[in-house]
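Visitor: Quick one, what's the 3D model for this:
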Amino acid sequence: MAKLTKKRKKVLDLVDPDKAYTLSEALELVKSISTTSFDASVDLDIRLGVDPRKANEMVRGSVTLPHGTGKTKKVLVLCTPDKEEEAKAAGADYVGLDEYIQKIKGGWTDVDVVITMPSVMPKVGALGRILGPRGLMPNPKTGTVTMDIAGAVNLVKAGKIDFKVDKHGIIHTAVGRVSFSAEKLVENAAELLNLINKMKPASSKGTYMKSVYVSSTMSMGVKIDTKKFA
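Guide: Okay, here's the model as predicted:
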């Protein structure tokens with residue numbers, strides 16, 4: 001049996017794996033057990049009682065976290081020339097159309113969010129096989145296919161995140177950084193959890209929010225009591 005390191009023993013002494021903690025307790029714990037030398041991401045894993053294979057049980061959307069994610073997101077706007085200045089003024093990192101479509105076809109995807117407009121979706125749609133698996137495909141439901149380019153860019157820069165269940169019915173997303181105060185992390189996490197709770201599909205039977213765990217990069221997960229969000 002491998003010998004426990006001092007750091008690992010400290011973590012195991014602090015966290016009871018069988019206990020469901022309040023959101024505040026869980027986030028305080030994650031801050032205290034994070035041992036990385038960098039400012040680690042704080043992530044939620046939310047297991048839902050849905051079948052993502054059914055279109056009417058696909059839970060996806062977007063939320064603007066009150067305190068942002070702590071990460072400056074790189075935004076690409078694919079738009080017609082008349083919208084380019086609007087996108088640049090709003091703070092988009094990359095703006096254009098055909099030249100970026102060619103770059104993406106060549107394998108370039110060094111961005112966090114892609115925003116576009118309805119009229120160019122036929123061109124952007126051809127990138128689905130590249131952008132889709134990376135979670136970058138624009139979608140009207142998340143506000144990334146819109147005529148309000150400036151508004152969409154501003155929301156992303158202010159802390160808007162997109163989320164959706166994976167094929168296992170789990171939503172995995174960051175809600176901040178370890179350097180955030182516990183209060184800010186609680187407010188960010190609660191904003192996301194309350195919204196997801198309101199999005200319960202009518203066809204979903206039984207327990208909807210099955211489990212929620214919070215962790216930081218490379219830390220163990222801490223279980224959150226879901227009763228408040230049930």
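
Visitor: okay, CA-based contacts and neighbour counts for the rest of this
Guide: Will do.

Visitor: And A202, its phi and psi?
Guide: A202 has phi and psi values of phi -60, psi -30 when expressed as degrees, to the nearest 10.

Visitor: For it, the count of nearby residues, please.
Guide: Taking other C-alpha atoms under 10 Å as the neighbour definition, A202 ends up with a count of 8.

Visitor: need the contact list for it.
Guide: For A202, no contacting residues are found, by C-alpha atoms under 8 Å, 6 or more residues apart in numbering.

Visitor: distance of it from R47?
Guide: With the distance defined as C-alpha to C-alpha, to the nearest Å, A202 ends up 17 Å from R47.

Visitor: just V120 next, same as before
Guide: Per C-alpha to C-alpha, V120 is found 35 Å from R47.

Visitor: same thing with K205?
Guide: Using C-alpha to C-alpha, one obtains 14 Å as the distance from K205 to R47.

Visitor: more crowded one of these two?
Guide: The neighbour comparison of K205 against R47 (other C-alpha under 10 Å) goes to R47, with 19 against 10.

Visitor: Work out for me the element the more buried one sits within.
Guide: Counting by DSSP states H and E, the element that carries R47 is strand 41-48.

Visitor: T22 contacts I224, correct?
Guide: Yes. If you go by C-alpha atoms under 8 Å, T22 and I224 touch, sitting 5.7 Å apart.

Visitor: Neighbour count: the two, which is higher?
Guide: I224 (22 against 16).

Visitor: what's across from the more buried one in the sheet?
Guide: According to DSSP bridges, Y21, V212 are recorded as the beta-bridge partners of I224.

Visitor: And the pLDDT at it?
Guide: In this prediction, I224 carries a pLDDT score of 95.

Visitor: How about the one 3 residues further on?
Guide: The per-residue pLDDT reported for K227 equals 85.

Visitor: Distance check, it against V63.
Guide: When distances are taken as C-alpha to C-alpha, K227 and V63 turn out to be 21 Å apart.

Visitor: Same question for I224.
Guide: Here I224 is placed at a distance of 20 Å from V63 (C-alpha to C-alpha).
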